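[1] Okay, sequence plus prediction incoming.
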Amino acid sequence: MKKILITGALGQIGTDLTRYMRSIYGKDNVLPSSRKRKEGHPLMNEGNFETLDVLNYEVIDSVVKKHHITHIVHLAAILSGTGEKNPQVAWDINVNGLYNVLEVSRVHDLSVLIPSSIAVFGESTPKDLTPQDTIMRPSTIYGVSKVSGELLADYYHSKFGVDTRGVRFPGLISSDTMPGGGTTDYAVHIFYEAIKNKRYASFIDKGTFMDMMYMPDALKAIVQLMEADESKLKHRNAFNISAMSFDPEMLAAEIKKHIPEFELDYDVDQDLQKIANTWPNSLDDSEARAQWGWEPDYDLTSMTKDMLEKLINKLDK
Ligand code: AKB
């Protein structure tokens, strides 16, 4: 029986993941946690919740013991945009927080799933169909911390036998939760503005292609990799996964099919644009497909249709 602790559960992935995992493993077997409670957040009233700061080893250790945890999904992290504003905090949370989680996992023999990101790549990485194993020289603290995390997780597996696994997430698009502080966040904001104001000024410039994924596919990837046959995993902590690649113009054209009066213009954020320019246009995810059967359900067309339907419904209430 799995008992799963989710760190950083009040962030973009955590709310959706908690609900999804509870539907699979049972309500009492999935424990969301975060540094602070957020009154009014839906997860405060949907079952167990723990306050847990990933920088505090003792607290993680006691939560793991108290709830007989067997697996951790370690989501607590600072994303690319926020990271550049405060690199020291980003390093501390992204690397020292992960170190604590890995140490607790070593001591208690837990399995750990750690999301990495397309941010591990940099200017010198091949941009199109970026290979699984390639040059990784990121220029953001977020990217540097994620490369370090991938290596640290590999080390904990090879040195101590900890069952560590991970995927490199692209930008994630969810109808339930807003992203915060990321370079790819425009691809979520655009939907809210399209519905509310019929126009959006993108902070990422036209012609900037980045990989994106609809949240249901991201949740599926986490569970599928967690359940994958360990003997088939060669790249434990850093699987490229991909679902679609587009630039703001392509996304706007897709939204226009449903909201014809929608207008896209640009108010480019130079700091975020600089980050986006160093990330891949598209990833080669053939290793994830071969090693654990990764396959996305949503492409740009089906994601846009579903996202608009869900958001219109939500915003109507
Ligand atoms: C970000 O933009 O920082 C994240 C990511 C791609 O990891 N969404």
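    Arrived safely.
[2] how about Tyr298, secondary structure?
    coil (DSSP: H, G, I helix; E, B strand; the rest coil).
[3] per the record, what domains does this structure have?
    If you go by automatic domain parsing, the domain ranges for the chain are 4-171+213-240, 175-211+244-280+299-316.
[4] Mean neighbour count and distance to Arg289 for these - can I get that in JSON lines?
    For every residue, glycine as well, the C-beta is placed using N, CA and C. Formatted as JSON lines, the domains of the chain follow (neighbours: other CB atoms under 10 Å; distance: least, CB to CB, whole Å):
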{"stretch": "domain 4-171+213-240", "mean neighbour count": "19", "distance to Arg289": "9"}
{"stretch": "domain 175-211+244-280+299-316", "mean neighbour count": "17", "distance to Arg289": "15"}
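[5] Next one: Thr140 relative to Asn281, how far apart?
    17 Å (CB to CB, to the nearest Å).
[6] ok, now Ser139?
    Taking CB to CB, one finds Ser139 at 17 Å from Asn281.
[7] Those residues of the stretch 101-250 of the chain touching the ligand, which are they?
    117-119, 142, 169-171, 182-184 (CB under 6 Å from any ligand atom).
[8] Closest residue of this protein to the ligand?
    The ligand sits closest to Gly182 of the chain, with a gap of 2.8 Å, by CB to the nearest ligand atom.
[9] Let me see the confidence value for that residue.
    Model confidence at Gly182, given as pLDDT, is 95.
[10] What sits closest to it if chain neighbours are left out?
    Leu79 (4.2 Å; CB to CB, 6 or more residues apart in numbering).
[11] In contact with the one you found, which residues?
    142, 179-183 (CB atoms under 8 Å, 6 or more residues apart in numbering).
[12] tell me which strands and helices the longest helix along the chain is in contact with?
    As assigned by DSSP state H, the longest helix anywhere in the chain is helix 141-160. Here helix 141-160 touches helix 80-85, helix 87-91, helix 97-108, strand 116-117, strand 163-165, going by 3 or more CB pairs under 8 Å, 6 or more residues apart in numbering; DSSP states H and E.
[13] Quick one: these as a markdown table, columns for mean pLDDT too.
    Formatted as a markdown table, the helices and strands packed on helix 141-160 follow (pLDDT from 0 to 100):
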| stretch | mean pLDDT |
| --- | --- |
| helix 80-85 | 96 |
| helix 87-91 | 98 |
| helix 97-108 | 98 |
| strand 116-117 | 98 |
| strand 163-165 | 98 |
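[14] can you give me phi and psi for Lys65?
    Note on Lys65: its backbone torsions stand at phi -70, psi -50 [degrees, to the nearest 10].
[15] show me what contacts it?
    Taking CB under 8 Å, 6+ apart as the test, what Lys65 contacts is His108.
[16] In terms of pLDDT, where does it sit?
    If you check Lys65, the pLDDT there is 98.
[17] any idea how far Glu50 is from it?
    Counting by CB to CB, the gap from Lys65 to Glu50 is 12 Å.
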